[in-house]
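Chemist: Fold the following for me, if possible:
(one chain, ligands or ions: 2)
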Amino acid sequence: MSKYIATRAIRGANSLVTEAELMLHRAIKDKGADTLVKFPNTAYYLPLIYGMTGNAVETLGQLEPVLQMARSLLHPVPSEKHWTPYLGETLDSGMATLIAAEAIEAVRFVYHLQPERKPGFHLAGGTAFTSPDGSKEGGNGADGHLNGPIDDIQLRSWGIQLVDGRMPGFAAIVGCAKSNEVAVKIVRELQKRNILCFLSGNVNGRSIIDQLIEEGVELGYDTYTVPFGTDTISAIYALGFATRSALTFGGLKAGQARDILLYNKDRVFAFVLALGEVDDLKYAAAAGAINFGFPVIADTVIPEILPTGVTKYEHVVSLPFNEIPGEDDLERAELLVQKCIEVRGVKVKVADVPVPVPYGSAFEGEVVRKNDMRVEFGGKHSRCFEFLRMAPLEDVVDGRVQVVGSGFDSIPVQGHMDMGIVIEVAGRQMQEDFEPVLERQVHYFINGASGIQHIGQRDIAWIRISAGAADKGFNLEHFGKILHARFKTDFGAIVDKVQVTIYTDPEKVQEWLTKARAAYDRRNKRLADLTDDRVEEFYSCTLCQSFAPNHVCVVSPERLGLCGAYNWLDCKASFNINPTGPNQPIKLKKMIDSTKGYWQGTNEYAGVGSHGVVNEVSMYSIMENPMTACGCFECIVMLIPEANGVMVVSREDTSMTPAGMTFSTLAGIAGGGLQTPGVMGVGKYYLISPKFISADGGFKRVVWMSSVLKETMADELQAVAMREGDPDLINKIADERNVTTVEELLVWMEEHAHPSLVMESMF
Ligand code: SF4
Ligand code: ZN
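Modeler: Ligands and ions are numbered 1, 2, ... in the order given. Reported below is the predicted structural model:
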């Protein structure tokens, strides 16, 4: 253990805890001990403090004992007389630093020093702020806090990507790169591997955030690059995120510090990349990160700390930028990123896609605005469709990409044209049922190219190519290249050959559009016919067990997984692709109760899949043995006893529900892989299934529903109302715009003659 590091980390910790105490005392004097403190849209209070100490801090006054705890973790700065060569004191100081840092951020919130954060935040929204003593904070004096803490909604929506491996981990990048070019290269290399980048800190006032902004890199949730702030303290949000992933997905409880830290060490592939000079505070914060098992890689000369068991591998690795044996800076940046991945043991899958622009899931959310656009297909002015079908092996030439019709050279800038993408796949394991499963991937595959935007599916697809991508040489053929490469890499087990034809010739577009529409119709019919009683097996999904160790989704034709990402056909395809993977057929065997949805096979599987935690699962009831939930559910369904019905809250709804809790708080009750009668996490398309809580009365039990669901699923919900024989049913359901308490709900139900009032008791 390096005495140098210990000295600097302990010194940094001591001064930060002191700073936090001073700030807190002044804030209490200014505002009063009862002043509320909270981060936006989280059920986990100040998440790191909540997880590590179990204290649910809601007021300034409640921060006092927390900071006392931080102080008690401090040790004297090592001297000749006092020095133990153990990591423990440094780690304690690191934890004290994290607690102090989060407390400081919380106090800053009290002074409104953080900008309002909007979902899908883009940097344009960042605002400047000043600290309580009036001095400018942050490196460049502006944009001190750009994003602030990540909210629970975003955490959950990333959840599924974290568990299915699309997002292998996160990098907390602190400081400033050698040059703007290097900064961009590092972030691009990480994005290419779909690693989430949390950005913070500065060196002598300059931050990697400044560097990226200057180079026009799009920052935000959608591009996997989250700028927390240009000071080191804001790096705390990365650890708050890590703490919450253990609470959200791992079912751990506040105060289980050791378990939360171990969870992160084993399951969250994160590391700290320290760019540029490392000061005392950075050493102290790094020591905090090491507690989580996250190694620290520095691009400067600092003493290394080799493995001792806290992190899986090395704790601190020094890789002086100029000594990395690359030809030039960009190559060195690439090697630096590779080293980080190696040190943390991050598992990365990258498809080799031959296109002239960067490629990876991190680019999936990129938006191509009208002004940046070279050409578009579909949307308001033209038609674009995509159609994937299976074909006999001998009819497909693997890798063939043809463009039938003209390219977009002759189209004016920001113009549009019609296009059809026809993908033909062949394979011995391929089945017609997999066509829609594969076709849906087109959206993700095409979106992975930087500068390309894809929206919609089937014959309402809408694709934009940015001017930047076109300048780099991206053309129509590249759509085919992307699709070929990705289908072969991701679905190689069922797809042996892939050929792609891009049609722009008007007559051909029309001809294939007709064929495609006939196929869409056939598939719709097939889906409508696919009911629970017509199949012999359901599927398990244990994908989320990497995060929620005892949770299992039982996926049936009429009940999709609670994340919304896996339906029965998806699971079936996935099982064919990977027979030992997370989706296994569950043979139903003997029917036990057709109303509540019990089979011998599903019950047996529940026991095995949950490692004995759950022994019975009802497919159609929320009241008796409901299905468990991990953390990535799209909606929560919860009983409101007074109303003899249930409410449905969307993940996107941050308002108050009649249960007296917001989604975030409810999610804490619903998740963690436990059965809670009366509470269930579901995928939103389960709401429109005839089997939606059918044992308890079905959709007519819904008395309250987030308006976002009513709006985004208006047509589907109206169809349900017709099916239930009550065309006005949706209007009888309250939402957050008119009802936020149980009392209001009961009045509303009377006024609207909600059917649940006269239905039999749910108990
Ligand atoms: Fe997780 Fe269930 Fe979705 Fe599978 S279906 S990924 S277990 S939430
Ligand atoms: Zn999940």
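Chemist: Residue of the chain closest to ligand 1, please.
Modeler: Of all residues in the chain, Gly561 sits closest to ligand 1, at 2.2 Å by Cβ to the nearest ligand atom. C-beta here means a position set from N, CA and C on the backbone, and glycine is covered the same way.
Chemist: That residue: which element?
Modeler: Counting by DSSP states H and E, no helix or strand carries Gly561.
Chemist: With Cys544 as the reference, measure out to it.
Modeler: Separation of Gly561 from Cys544 (Cβ to Cβ, to the nearest Å) stands at 9 Å.
Chemist: Tell me the residues that contact both of those two, please.
Modeler: Common contacts of Gly561 and Cys544 (Cβ atoms under 8 Å, 6 or more residues apart in numbering): Cys553.
Chemist: Strands along the stretch 451-600 of the chain, start to end?
Modeler: 452-455, 462-466, 497-503, 537-541, 553-555, 585-587, 591-593, 598-599 (DSSP state E, counting those that start in this stretch).
Chemist: Next: the stretch 301-450 of the chain.
Modeler: 316-318, 373-377, 384-390, 401-404, 415-417, 419-426.
Chemist: follow-up on the earlier one: so what's the residue count around the residue of the chain closest to ligand 1?
Modeler: When counting by other Cβ atoms under 10 Å, one arrives at 30 neighbours for Gly561.
Chemist: can you check Trp512 too?
Modeler: 19.
Chemist: what's near enough to touch it?
Modeler: Contacts of Trp512 by Cβ under 8 Å, 6+ apart are 385, 387, 420, 422, 503.
Chemist: Same check on Gly360?
Modeler: With Cβ under 8 Å, 6+ apart, Gly360 has these contacts: 191-194, 350, 448.
Chemist: would you list those residues in a markdown table and tack on distance to Ala721, pLDDT and neighbour count?
Modeler: Below are these laid out as a markdown table (distance: Cβ to Cβ, whole Å; pLDDT from 0 to 100; neighbours: other Cβ atoms under 10 Å):
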| residue | distance to Ala721 | pLDDT | neighbour count |
| --- | --- | --- | --- |
| Gln191 | 44 | 90 | 22 |
| Lys192 | 46 | 85 | 20 |
| Arg193 | 46 | 85 | 22 |
| Asn194 | 41 | 84 | 22 |
| Val350 | 46 | 65 | 13 |
| Gly448 | 38 | 91 | 25 |
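Chemist: Adding distance to ligand 2, write the residues you listed out as CSV.
Modeler: Shown next, in CSV, are the contacts of Gly360 (distance: Cβ to the ion, whole Å):
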residue, distance to ligand 2
Gln191, 24
Lys192, 25
Arg193, 22
Asn194, 18
Val350, 24
Gly448, 22
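Chemist: I'd like those residues laid out as TSV, including distance to Pro356.
Modeler: What follows is the contacts of Gly360, written out as TSV (distance: Cβ to Cβ, whole Å):
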residue	distance to Pro356
Gln191	16
Lys192	14
Arg193	19
Asn194	20
Val350	17
Gly448	14
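Chemist: Which ones among those residues map onto helices?
Modeler: Using DSSP state H, the subset of the contacts of Gly360 located in helices is 191-192.
Chemist: So which of the contacts of Gly360 is the closest to Thr489?
Modeler: Val350 (8.9 Å; Cβ to Cβ).
Chemist: And the contacts of stretch 606-624?
Modeler: For stretch 606-624, contacts defined as Cβ under 8 Å, 6+ apart pick out 532, 540, 542, 549-552, 554, 556, 559, 593, 595-598, 602-603, 625-628, 637, 639, 646, 673-675, 677-680, 691, 693-696, 762-763.
Chemist: Name the residues that touch the worst-scoring helix or strand of the chain on mean pLDDT?
Modeler: Of all the helices and strands that make up the chain, helix 152-163 has the lowest average by mean pLDDT, DSSP states H and E, namely a mean of 77. Applying Cβ under 8 Å, 6+ apart, the external contacts of helix 152-163 come out as 41-44, 119, 167, 194, 196, 221, 241, 244-245, 248-249, 268, 361, 543-544, 546-547, 563, 565, 630-633, 651-652, 654, 663-664, 667.
Chemist: ok, is it in contact with ligand 2 or not?
Modeler: No: shown here: helix 152-163 not in contact with ligand 2 (Cβ under 5 Å from the ion), separated by at least 5.7 Å.
Chemist: Going forward, the N-terminal residue is numbered 895.
Modeler: With the count now opening at 895, the last piece we talked about shows up as helix 1046-1057.
Chemist: For whichever residue of the stretch 1245-1394 of the chain sits closest to ligand 2, which non-adjacent residue is spatially closest?
Modeler: Nearest to ligand 2 in the stretch 1245-1394 of the chain, going by Cβ to the ion, is Ser1255, at a distance of 17.5 Å. Sequence neighbours aside, Asn1088 is the residue nearest to Ser1255 in space, at 4.2 Å (criterion: Cβ to Cβ, 6 or more residues apart in numbering).
Chemist: Could you check how far that neighbour is from Arg1082?
Modeler: For Asn1088, the distance to Arg1082 - Cβ to Cβ - is 12 Å.
Chemist: Equivalent analysis for Gly1170, please.
Modeler: Distance of Gly1170 to Arg1082, computed by Cβ to Cβ: 19 Å.
Chemist: Quick one: name the residues of this protein near ligand 2.
Modeler: 1438, 1524, 1526.
Chemist: now the first one: how far from Asp1046?
Modeler: Cys1438 sits 17 Å away from Asp1046, going by Cβ to Cβ.
Chemist: Spell out for me which residue occupies the centre of the chain.
Modeler: Closest to where the C-alpha atoms of the chain average out (Cα atoms, centre = their mean) is Trp1052, at 0.5 Å.
Chemist: ok, back up a step: top of the residues of the chain next to ligand 2 by number of neighbours, please.
Modeler: In the residues of the chain next to ligand 2, the most neighbours by other Cβ under 10 Å go to Cys1524, 34 neighbours.
Chemist: Of all pairs in the contacts of Gly1254, which one spans the longest distance?
Modeler: Arg1087 and Gly1342 (12.1 Å).
Chemist: Give the buried residues for stretch 917-927.
Modeler: For stretch 917-927, the neighbour count (16 or more other Cβ atoms under 10 Å) marks 917-918, 921-922, 925 as buried.
Chemist: Need those residues in TSV (columns: secondary structure).
Modeler: Converted to TSV, these look like this (DSSP: H, G, I helix; E, B strand; the rest coil):
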residue	secondary structure
Met917	helix
Leu918	helix
Ala921	helix
Ile922	helix
Lys925	helix
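Chemist: Identify, from those, the entry nearest to ligand 2.
Modeler: For the buried residues of stretch 917-927, the nearest to ligand 2 is Leu918 (37.2 Å; Cβ to the ion).
Chemist: Looks like the closest one contacts Thr953 (just checking).
Modeler: No: at 11.2 Å, Leu918 and Thr953 do not qualify as touching, with contact defined as Cβ atoms under 8 Å.
Chemist: quick one: contacts for the closest residue to Thr991 other than its chain neighbours?
Modeler: Leaving out its chain neighbours, the residue that sits closest to Thr991 by Cβ to Cβ, 6+ apart is Ala1178, at 4.1 Å. Neighbour list for Ala1178: 902-907, 910, 987-988, 991 [criterion: Cβ under 8 Å, 6+ apart].
Chemist: isn't there a strand covering Leu1093?
Modeler: Yes: checked against three-state DSSP, Leu1093 lies within a strand.
Chemist: what pairs with it across the strands?
Modeler: Ile1067, Pro1121 (DSSP bridges).
Chemist: Low-confidence regions, the stretch 1145-1294 of the chain specifically.
Modeler: Applying pLDDT under 70 to the stretch 1145-1294 of the chain flags residues 1201-1207, 1241-1245.
Chemist: again, 90 this time
Modeler: Scanning the stretch 1145-1294 of the chain for pLDDT under 90 picks out 1145-1147, 1157, 1159-1163, 1196-1211, 1216-1221, 1232-1233, 1235-1246, 1254-1261, 1273-1274.
Chemist: domains for the protein, by residue range?
Modeler: Domains of the chain are assigned by automatic domain parsing as 897-1238, 1255-1407, 1426-1652.
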